[in-house]
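> Turn this into a model:
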Amino acid sequence: MHSIESVKQQFVAAFGYAPALVIRAPGRINIIGEHTDYNQGLVLPGAIDKALFFAIGHNDDQVLRFRALDISQAQDISLDHLVPTNELWLDYLLGIAQQFQEEGFQLQGLDVAFGGNLPIGAGVSSSAALECGMATAWNHVLQAGKSRTELAQLAQRSSHTFVGIPCGIMDQFASLQGVADHAILIDCRDLSFKAVPVSVEGCEWVLLNSKVSHQLAESAYIDRVKECAEAVKLVQSRYPEVESLRDVTPGQVEEFKSEFSEVVYRRARFVVGENFRTMMMIKALGEGNPEKVGQLLNMTQLGLAQDYEVSCSEIDFLFAQAYRHPGVYGSRIMGGGFGGCTLSLVQKEQRDNFVSTALEAYHQEFGVQGEELVVSLVDGVSIVAS
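You can find the predicted model right below:
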C-alpha cells in the first residue's frame, strides 16, 4: 500500500528527478445496479477514498516507462509499439495511450510510477482507476480538452478494443465523476447523471472483503454480455423498437420464456429486474427506509447468485452471515462477481459485532482472513499537483 508521498518518493528513486504531475484516481463502490451498465441501464455507484496515485514526468526517449509499485513490476514500452501484452495492468495503461494516438494526438515519452491503497481483486475497480488516472494524465499532458464523460468513454473503448473486455461504463464514469458524500445515479444510455445521498439515519454501509477473486470472472463476464445480447435479439423479432434490455419489461421476459434458453431467460430476468430495483432503491433512500433498502439488497444478491450465477461459496457464506444477523438490514455481493466484497446496510450500534462475528465465522469456514474495508464517498479523479 502506498500514499501520495511514497509514490512521489518512489518516482524520484526510479527516475532521478521530481514528477511534474501527480494524480489521484479513486476506486468505486456500487450501491445497486449490477450488470446493467452494458445493457444501457441504471446504476448507483460512488467514488471512494481508496485510490491509485500516479506520479508522472517527461522523458526524451519516446518511451513509456511504467513502475507498478504495488506489485513491484516495471515495463518500458516504445511509443512506436503500442500493442496488447500478456500483462493486464500494462494493457489497461497502454490502451489509453493508443486511444489518444488513434485520435491523432502526438504522444511523448513519459515516466510513470503508480501505487495506492486500493485493494486489487476486491470488486472496487482498481482497473478503472488505472484507466482513468492515465486518461486524465494524457488529457493534461496533451492539452486534449476532453470532458470527464469523454474520458470515461475513451477508457471504455480502450477496454473493448485493446484489452478485449466488453465492459459497461459504470466503473470509469464513477471514478471520474464521483461526488463527495454522494453516490451518482447514472443512466448508461445517455450518460446523464445526478448526485444521490445514500446515508440512512442510524445505519452504516459496511464492506467485507472476502479476499478471494476466482479466475472465472473475466470469461464469465464476456459470456453474460453475449447472453444478454441474445435475449435482446429475440425480443427485437417481435418488438423492433427494443434497443437493449433496458427497454424490456418483466412481462416481455415472461412472454419470451419458452423461446429463450433457460440460461438466457434467467439472465434477462435478472437485468430487467435490477433496473426496477435501482429505481426502487432511489425511492427507498429518499424515504430513509432501511428495511426497504435492505430488502432490495437481498433481492439483488439472490438474483446475482441464482439467475446471473456470479456469486461463489465464499460470498454466499458472508451473505448468510449478514442475513442471519439481527443488526443487518440487507447485504449483497458487489462488483462483477466470483469474489470481492459484500456490501451491507447495518445498524450503527451493531456494526462492530456484525463485522467481528462474520469475519470470525468466515475464517473458521474457509481458512481465509477477510477484512472490513472502511471507505467514504469522495470526488472523482483529481490532479493533486502539477
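> now residue 128: how far from residue 288?
According to CB to CB, to the nearest Å, residue 128 stands 30 Å off from residue 288. C-betas here are computed from N, CA, C, even on glycine.
> swap in residue 124?
26 Å.
> Residue 21 too?
From residue 21 to residue 288 the distance is 42 Å (CB to CB).
> out of these two, which sits in the busier spot?
Remark: of residue 21 and residue 288, residue 21 carries more neighbours, 19 against 14, as counted by other CB atoms under 10 Å.
> quick one: contacts for the residue found closest to that one once you drop the neighbours it is linked to in the chain?
Leaving aside its chain neighbours, residue 21 sits nearest to residue 56 (4.3 Å; criterion: CB to CB, 6 or more residues apart in numbering). Residues in contact with residue 56, defined by CB atoms under 8 Å, 6 or more residues apart in numbering, are 19-23, 110-112, 137, 141.
> Quick one: the helices in the stretch 1-150 of the chain, in order.
4-15, 88-102, 126-141, 148-158 (DSSP state H, counting those that start in this stretch).
> oh, I was asking about the stretch 251-386 of the chain
For the stretch 251-386 of the chain, applying DSSP H, counting those that start in this stretch gives helices covering 262-287, 290-302, 313-324, 351-366.
> Residue 116 is nearest to which of those helices?
Between residue 116 and those, the shortest gap by CB to CB is with helix 351-366, which sits at 23.4 Å.
> before we move on, back to that, output the helices of the stretch 251-386 of the chain as a markdown table; include the columns mean neighbour count.
Formatted as a markdown table, the helices of the stretch 251-386 of the chain follow (neighbours: other CB atoms under 10 Å):
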| stretch | mean neighbour count |
| --- | --- |
| helix 262-287 | 20 |
| helix 290-302 | 21 |
| helix 313-324 | 20 |
| helix 351-366 | 16 |
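> Leaving out sequence neighbours, find the closest residue to the residue of the chain most remote from its centre.
Within the chain, residue 60 marks the point farthest from the mean C-alpha position, 34.8 Å out by CA atoms, centre = their mean. Leaving out its chain neighbours, the residue that sits closest to residue 60 by CB to CB, 6+ apart is residue 109, at 6.2 Å.
> what's the one you found in contact with, if anything?
Contacts of residue 109 (CB under 8 Å, 6+ apart): 58-65, 79.
> Pick the one among the contacts of residue 56 closest to residue 3.
Using CB to CB, the contacts of residue 56 come closest to residue 3 at residue 22, 11.4 Å.
> Name the residues linked to the closest one by a beta bridge.
Beta bridges link residue 22 to residue 55, residue 385, judged by DSSP bridges.
> What about the spatially closest residue to residue 197 that is not a sequence neighbour, how many residues nearby?
Closest residue in space to residue 197, ignoring its immediate chain neighbours: residue 182 at 5.7 Å, by CB to CB, 6+ apart. Residue 182 has 18 neighbours, counted by other CB under 10 Å.
> Residue 182: what's it in contact with?
Applying CB under 8 Å, 6+ apart, the residues near residue 182 are 46, 195-198, 377.
> Now do the buried residues in whichever helix or strand residue 233 is part of.
Assessed by DSSP states H and E, residue 233 sits inside helix 216-236. By neighbour count on 16 or more other CB atoms under 10 Å, the buried set for helix 216-236 is 217, 220-221, 224-225, 227-232, 234-235.
> between the residues you listed, which is nearest residue 243?
For the buried residues of helix 216-236, the closest approach to residue 243 (CB to CB) belongs to residue 232, at 7.7 Å.
> didn't the closest one look like it was pressed against residue 241?
No - applying CB atoms under 8 Å, one finds residue 232 not in contact with residue 241, separated by 11.7 Å.
> Between the contacts of residue 109, identify the one with the most neighbours.
Greatest neighbour count in these, by other CB under 10 Å, goes to residue 64: 24 neighbours.
> Distance of that one relative to residue 42?
Residue 64 sits 37 Å away from residue 42, going by CB to CB.
> Over to residue 353?
Noted for residue 353: a distance of 34 Å to residue 42, by CB to CB.
> same deal with residue 213?
Relative to residue 42, residue 213 is positioned 26 Å away (criterion: CB to CB).
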